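Novice: With the sequence up front, the predicted model follows.
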Number of protein chains: 4
Amino acid sequence: MSAKAKIGVLGASGYTGSELVRLLVRHPQIEIALLTADRKAGQEMRDVFPQFSHLALPKLISIESIDWKATGLDLVFGALPHATTQIVIKDLLDKAPKTKVVDLSADFRLSDPAAYARWYGHEHHATELQKEAVYGLVEIHRDKIKSARLVANPGCYTSCAELPLIPLIRAKAIDVDEIVVDAKSGMTGAGRAAKENMLFSEVSEGFHAYGVGHHRHMAELDQEFSAAAGRDVIVSFTPHLVPMNRGILSTIYVRSLGGKSPEDLHAVLTSFYGKEPFVHVLPFGQMPQTRHVRGSNMTYIGVANDRIKGRAIIGSALDNLVKGASGQAMQNMNLLLGFPETMGLEQIALFP
Amino acid sequence: MSAKAKIGVLGASGYTGSELVRLLVRHPQIEIALLTADRKAGQEMRDVFPQFSHLALPKLISIESIDWKATGLDLVFGALPHATTQIVIKDLLDKAPKTKVVDLSADFRLSDPAAYARWYGHEHHATELQKEAVYGLVEIHRDKIKSARLVANPGCYTSCAELPLIPLIRAKAIDVDEIVVDAKSGMTGAGRAAKENMLFSEVSEGFHAYGVGHHRHMAELDQEFSAAAGRDVIVSFTPHLVPMNRGILSTIYVRSLGGKSPEDLHAVLTSFYGKEPFVHVLPFGQMPQTRHVRGSNMTYIGVANDRIKGRAIIGSALDNLVKGASGQAMQNMNLLLGFPETMGLEQIALFP
Amino acid sequence: MSAKAKIGVLGASGYTGSELVRLLVRHPQIEIALLTADRKAGQEMRDVFPQFSHLALPKLISIESIDWKATGLDLVFGALPHATTQIVIKDLLDKAPKTKVVDLSADFRLSDPAAYARWYGHEHHATELQKEAVYGLVEIHRDKIKSARLVANPGCYTSCAELPLIPLIRAKAIDVDEIVVDAKSGMTGAGRAAKENMLFSEVSEGFHAYGVGHHRHMAELDQEFSAAAGRDVIVSFTPHLVPMNRGILSTIYVRSLGGKSPEDLHAVLTSFYGKEPFVHVLPFGQMPQTRHVRGSNMTYIGVANDRIKGRAIIGSALDNLVKGASGQAMQNMNLLLGFPETMGLEQIALFP
Amino acid sequence: MSAKAKIGVLGASGYTGSELVRLLVRHPQIEIALLTADRKAGQEMRDVFPQFSHLALPKLISIESIDWKATGLDLVFGALPHATTQIVIKDLLDKAPKTKVVDLSADFRLSDPAAYARWYGHEHHATELQKEAVYGLVEIHRDKIKSARLVANPGCYTSCAELPLIPLIRAKAIDVDEIVVDAKSGMTGAGRAAKENMLFSEVSEGFHAYGVGHHRHMAELDQEFSAAAGRDVIVSFTPHLVPMNRGILSTIYVRSLGGKSPEDLHAVLTSFYGKEPFVHVLPFGQMPQTRHVRGSNMTYIGVANDRIKGRAIIGSALDNLVKGASGQAMQNMNLLLGFPETMGLEQIALFP
């Protein structure tokens, strides 16, 4: 075998960063060559994430200290905060244009500069890259991703809603004007920044909605659903926080078109995902649970009857840090570097 | 002051039973005269619920051992399993017809015998009482309750959905054919029976829907919403389990009628509940959290804009064991026995 | 009835502050006249703690804006950070010397200036008050507290360990040189400050010790145990964090003296606490659980056989925010203001 | 490569069974040939554990239906209840004597028939096998295990206490008459049987000790500590339940011998475990957290100063289902079948 691919992780002290490291150390064809963490530069990864105490890993360094050309990385994962990312990635690709990039921030997910400016409140700082970037939901855009240089890894909420809905929208099986996505996420989706409202005592033993009517993941949903429908689509979407670490469950309410039954919708999905290794459609009527995909790269989808004629209820569950972030990112890496798509991603969910 | 009212609790070894006891011991005008628990008859309450270790309470006895006439109870709470209840209450009211009853089971909630038989799979065993029973959602049916003998305490999910929706339906402010109720409940809603799927390790660190398309609380929703609308109404309703002990949050998606804005819907609710001690409508745009009503008899309701024109998102939160069960039951007791409605129910939520 | 006592709470935006407010609003003889919160001055209490949304409470103000003399408060609770407290309380008592103070910080708990300086790294700024302050563990120091002006409310860990151990040490029933206190606390004990290591995802689904060998509550234990023994005593003490909001459980390993059996130790405690309203000794062999005192002012204590001859295992459980902080503080208030000691503190634990 | 080893799992519908399956499906040299589950015989594994929904696995069968000779299994894992096990394994080895067995029950852990009878209340039904069985704590008994046919996989609590203590006892570094082991376990340690006291609402948001003074794991501790010391040793041991799924933390209080400092004890452990892949001793003063070994086969050990001269505090953390059960069992399997010891066990902890 030839030399292993050299991989860098920008922002390794956050949860998506540590999750990338967890997955990458088990991937047989790569080596972790570089880890950054600006505020924690100089520390060992084991100081920041003691679960790596028994492993040898590169020390955390600051991004400023990197000579992109000299490092000779084959691929870089961006796990940096939104907005910072576009500046860093632009600089990286200017200096080392052959490096592949899988970016986990929201910076390159919206292909329309106007939509980006509207949702994020400022012009994009790397519009050329914004155009170049490919939206990295593998099961939907696999072919484009294979030949990309820069992949925008999708959001966790959006992946969980898009995987069940895009095949149905493409098949014109559901009314796109009456979709309700009620989404529930574990706390790691909020990241590792110290905020009062993320303290254990604030979120344990309770449940609430947030970002009602104006969550940024909506922009991504709009883009992908509209593309699938061939016209503008917006959906009702409400995120909630569950007192658990990992997992997203979306409960989706749809009205079918053309007299299609819930079983017909189920058939569309089983047909679409029949050969996919990371999307599994449960038997009709069975609903997914987040705990059964915890720590794995799987998405489980279920379809059930609503008791209202013409309507169906769809459930979709994934681990927000794996299929919703770092696992999806490694799946993209496998495509970009020519490895088998499932390599390093075969771990089974950790339940209980 | 005159003698205290003598109160019995049937089924004191379950969670709604212990919650009744927790509330009743603080009520200044009653005494707990009788506690039953069939499988645990002969035990002290402190053996079954050690939080009462320092209190003097009647020993748990079996229902069979009771002479209803001789006990001379003023009011009995039924916290027995569904179906058992109707037989016990019939016997009780045959022998001690002046006793008032607040029943927490589902047995007397449906006034239509046919609906009961359809949802529960058997004929009702006490159809006369079924006719007599008053549906005990105080804020909606206060006047009828005051003169009742038998009150059917509403279900926890249904209370949480009916409190925000009935005023809007009555006001013809929303389209009753397009209501989606996505409900999330803590684990105490499932009771204290030992079942594998209720074990800590089965429900911790995860989230899932259950009873999709066929939960029995739907029958209650149908009855009350249809009554409010003056015609048949059925809604999409999906319950979920949250890894927490207490609390229900309903996220409700509605389409307004007559060009009403979400602010207009909010105004309907603030007007309807302005003087209610136990229902509080939050400022427009603010959403409730279950933790802020934990252990209290409050319901918090919020209304926010959906980004889809003509639609609104409503949140409703209560503690399933208090306003969703035992607190509501004691509120009914206060009405039946002529006490101030808030007596014994003034505790503030326990947060954090 | 005469006018209600006017009460102020300094630091109402933290957890012990909100817990004081929760308890105070139910106390029939006081009114909440003043609430402070420096960083959140100008906000309503309901903005900071939505569980108070339906209540009328004074707006949060800054301490600097207060004219102590003019406010005419009967009693002030200090729920401020350590070190800040001594400066604020000194100023308050200089200007309004008749005000009573119950301070929940550590500032006045150590009576020895040298011990204070050693543990806190600086000289005390109000040594006169340090001398004056009475250590407010009611069951141990009730008489002194009654005539005090300034009461130092004990720490949560220390209350939980001192209540079972001081009677045994006073009775010379146990070897003071071989006491191990293994303590486990819920997360609210760490306060509401936003710190990475207190985020939900950092502490959920896991368990760990902290402050091993050097936790500040040790100084308090040393002082009180030495006083009880009449000579210097230090104990092994290790605190741990439990993924729960409230509660402390101390598991205490002791060797008995004079051939005393574990049953004898149990008898010492049942005798000492037989008439206490807030300390309950369980039947021999039964161990306490934190959930059975949650939200209440109770301490539950259990004593059991160790299988090693001459040794016993003691369990002690309380709610760190109630008997371990704000409930204990209100119990002190009742003594200072001449109210019945249990007034406003009769709530039953919230289980489940 | 030769054919894969054929493996059976008896009792696959419990948590240690599902954990074995989780690990085995990733092991490159084995195939899962047989899965049993008496009450759930006839079901698919995915019906019992939906996390396996996308995998092909043998259907669950009953033990009675097995022809041990015909199945030709290379190795069988016993994950059956205590007492049942000895009868099943005896029958298996009578009929297929070349099969290797790793048993996860307590049935073969005690080598002394008298001790077994005393702790379990009945004579052992397979005393010959009891003599033959090797205690399977790999890091302590590796050589004996390699040549064994029947390995008794150690208990979770005992593994967590024995790994740090046996090297210290062997080195005569600590006083064996004054060891206190305060142990805290996640809920999966209690298994999957439906019991009231294991319901979510009974164990969430609380903490308690159980089995005080008489937990069966004590017998195992006695045996192994006495063997290490060369004389009878009994220790204080108290287990507690933590509201989390996985993990055990033992906080161990010891007095050193021969003037050894805590740093000296640390040195004994770092030396003993320096080359072990699955036991990692943290830097002196750093304490382990269960979350950092969750889902992995690692044990993390820490040693810190007690402030009492001559005493030290030791922390030990492992995942009760992995290193405390199924991972340890697969480590034993690797030894028995001649595979590299770490094969299939390299997964990194899932944190957060």
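Specialist: Nice, thanks for sending it over.
Novice: and the stretch 51-200 of chain A, which of its residues are near chain C?
Specialist: A:186-188, A:190, A:192-196, A:198-200 (C-beta under 8 Å from any C-beta of the partner chain). Placement of C-beta: from N, CA and C, glycine included.
Novice: how about 6 Å then?
Specialist: Proximity of the stretch 51-200 of chain A to chain C, by C-beta under 6 Å from any C-beta of the partner chain, involves residues A:187-188, A:194-196, A:198-200.
Novice: Check the residues you listed one by one and keep those near chain D.
Specialist: Applying C-beta under 6 Å from any C-beta to those, one finds that residue A:188 fall near chain D.
Novice: Any quick ChimeraX command for the buried ones out of the residues of the stretch 51-200 of chain A next to chain C?
Specialist: Entered in ChimeraX, the line below selects the buried ones among those, by 16 or more other C-beta atoms under 10 Å in any protein chain shown:
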select /A:187,188,198,199,200
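Novice: The residues of the stretch 51-200 of chain A next to chain C into a markdown table, with extra columns for secondary structure?
Specialist: What follows is those, written out as a markdown table (DSSP: H, G, I helix; E, B strand; the rest coil):
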| residue | secondary structure |
| --- | --- |
| A:187 | helix |
| A:188 | helix |
| A:194 | coil |
| A:195 | coil |
| A:196 | helix |
| A:198 | helix |
| A:199 | strand |
| A:200 | helix |
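Novice: farthest-separated two in the residues of the stretch 51-200 of chain A next to chain C?
Specialist: Distance extremes for these: the farthest pair is A:188 and A:196 at 17.4 Å, using C-beta to C-beta.
Novice: With pLDDT as new columns, can the residues of the stretch 51-200 of chain A next to chain C be given to me in JSON lines?
Specialist: Supplementary listing: those in JSON lines, determined by pLDDT from 0 to 100:
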{"residue": "A:187", "pLDDT": "98"}
{"residue": "A:188", "pLDDT": "98"}
{"residue": "A:194", "pLDDT": "96"}
{"residue": "A:195", "pLDDT": "97"}
{"residue": "A:196", "pLDDT": "97"}
{"residue": "A:198", "pLDDT": "97"}
{"residue": "A:199", "pLDDT": "98"}
{"residue": "A:200", "pLDDT": "98"}
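Novice: Just the CA trace of the longest helix along chain A, in CSV.
Specialist: The single longest helix within chain A, with elements called by DSSP state H, is helix A:156-170. The C-alpha atoms that make up helix A:156-170 are tabulated as CSV, following Å, rounded to 0.1, in the frame of the first residue of the first chain:
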residue,chain,number,x,y,z
CYS,A,156,-27.3,18.2,11.4
TYR,A,157,-30.9,19.3,11.4
THR,A,158,-30.9,19.6,7.6
SER,A,159,-29.4,16.2,7.0
CYS,A,160,-32.0,14.7,9.2
ALA,A,161,-34.9,16.4,7.3
GLU,A,162,-33.5,16.2,3.8
LEU,A,163,-32.7,12.5,3.7
PRO,A,164,-36.4,11.5,4.1
LEU,A,165,-37.9,14.4,2.3
ILE,A,166,-35.8,15.0,-0.9
PRO,A,167,-36.7,11.6,-2.4
LEU,A,168,-40.4,12.3,-1.7
ILE,A,169,-40.3,15.8,-3.1
ARG,A,170,-38.4,14.6,-6.2
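Novice: and the next helix-or-strand element following that helix, anywhere near chain D?
Specialist: Of the helices and strands lying after helix A:156-170 in sequence (DSSP states H and E), the nearest is strand A:180-185. No: if you take C-beta under 6 Å from any C-beta as the test, strand A:180-185 misses chain D, and the best it gets is 13.3 Å.
Novice: which secondary structure elements does the following helix or strand past strand A:180-185 contact?
Specialist: Where DSSP H and E defines the elements, the next helix or strand beyond strand A:180-185 is helix A:200-203. Contacts defined by 3 or more C-beta pairs under 6 Å, 6 or more residues apart in numbering or on different chains; DSSP states H and E place helix A:200-203 against helix C:200-203.
Novice: returning to that earlier point: from the residues of the stretch 51-200 of chain A next to chain C, which is closest to residue A:329?
Specialist: Nearest member of these to residue A:329, counting by C-beta to C-beta, is residue A:188, at 15.0 Å.
Novice: so who does the closest one touch?
Specialist: By C-beta atoms under 6 Å, 6 or more residues apart in numbering or on different chains, residue A:188 lies in contact with A:15, A:245-246, A:321, C:201, D:352.
Novice: what separates it from residue C:201, distance-wise?
Specialist: Separation of residue A:188 from residue C:201 (C-beta to C-beta, to the nearest Å) stands at 5 Å.
Novice: Report the set of residues contacting both of the two.
Specialist: In contact with both residue A:188 and residue C:201: A:245, D:352, using C-beta under 6 Å, 6+ apart.
Novice: backbone phi and psi for residue A:48, please?
Specialist: Main-chain torsions, residue A:48, degrees, to the nearest 10: phi -90, psi -30.
Novice: which residues sit in contact with it?
Specialist: Contacts for residue A:48 (C-beta under 6 Å, 6+ apart) come out as A:13, A:40.
Novice: pLDDT value on it, please?
Specialist: We have a pLDDT of 97 for residue A:48.
Novice: Can you name the residues in contact with the helix or strand of chain A with the lowest mean pLDDT?
Specialist: Of all helical and strand segments in chain A, the minimum by mean pLDDT, DSSP states H and E falls on helix A:113-120, at a mean of 93. For helix A:113-120, the surrounding residues in contact (C-beta under 6 Å, 6+ apart) are A:110, A:123-124, A:127, A:216, A:219.
Novice: Centre of the chain to it, how far?
Specialist: 20 Å (C-alpha atoms, centre = their mean, to the nearest Å).
Novice: Now that helix - C-alpha only, PDB.
Specialist: Taking C-alpha atoms only, helix A:113-120 is exported to PDB below (Å, rounded to 0.1, in the frame of the first residue of the first chain):
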ATOM      1  CA  PRO A 113     -24.700  34.900  -2.300                       C
ATOM      2  CA  ALA A 114     -27.900  36.900  -1.700                       C
ATOM      3  CA  ALA A 115     -29.300  34.100   0.500                       C
ATOM      4  CA  TYR A 116     -26.100  34.000   2.400                       C
ATOM      5  CA  ALA A 117     -26.100  37.700   3.000                       C
ATOM      6  CA  ARG A 118     -29.700  37.700   4.000                       C
ATOM      7  CA  TRP A 119     -29.400  34.900   6.600                       C
ATOM      8  CA  TYR A 120     -25.900  35.800   8.000                       C
END
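Novice: And the next helix or strand past it?
Specialist: Counting by DSSP H and E, what follows helix A:113-120 is helix A:127-132.
Novice: Just the C-alphas of that following helix, formatted as PDB.
Specialist: C-alpha atoms of helix A:127-132 as PDB (Å, rounded to 0.1, in the frame of the first residue of the first chain):
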ATOM      1  CA  THR A 127     -17.700  34.200  -3.100                       C
ATOM      2  CA  GLU A 128     -15.600  32.300  -5.600                       C
ATOM      3  CA  LEU A 129     -15.300  29.400  -3.200                       C
ATOM      4  CA  GLN A 130     -18.900  29.700  -2.400                       C
ATOM      5  CA  LYS A 131     -19.700  29.000  -6.000                       C
ATOM      6  CA  GLU A 132     -17.200  26.200  -6.200                       C
END
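Novice: who are the neighbours of whatever helix or strand comes next after it, in terms of helices and strands?
Specialist: Next helix or strand after helix A:127-132 toward the C-terminus (DSSP H and E): strand A:134-135. For strand A:134-135, the elements it packs on are helix A:138-146, judged by 3+ C-beta pairs under 6 Å, 6+ apart.
Novice: how far off helix A:156-170 does the helix it packs on point, in degrees?
Specialist: Taking axes from the mean of the first three to the mean of the last three C-alpha atoms, to 10 degrees, one finds helix A:138-146 and helix A:156-170 inclined to each other by 100 degrees.
Novice: residues of helix A:138-146 that come out buried?
Specialist: Under the neighbour-count criterion of 16+ other C-beta under 10 Å, helix A:138-146 has A:138-141, A:145 buried.
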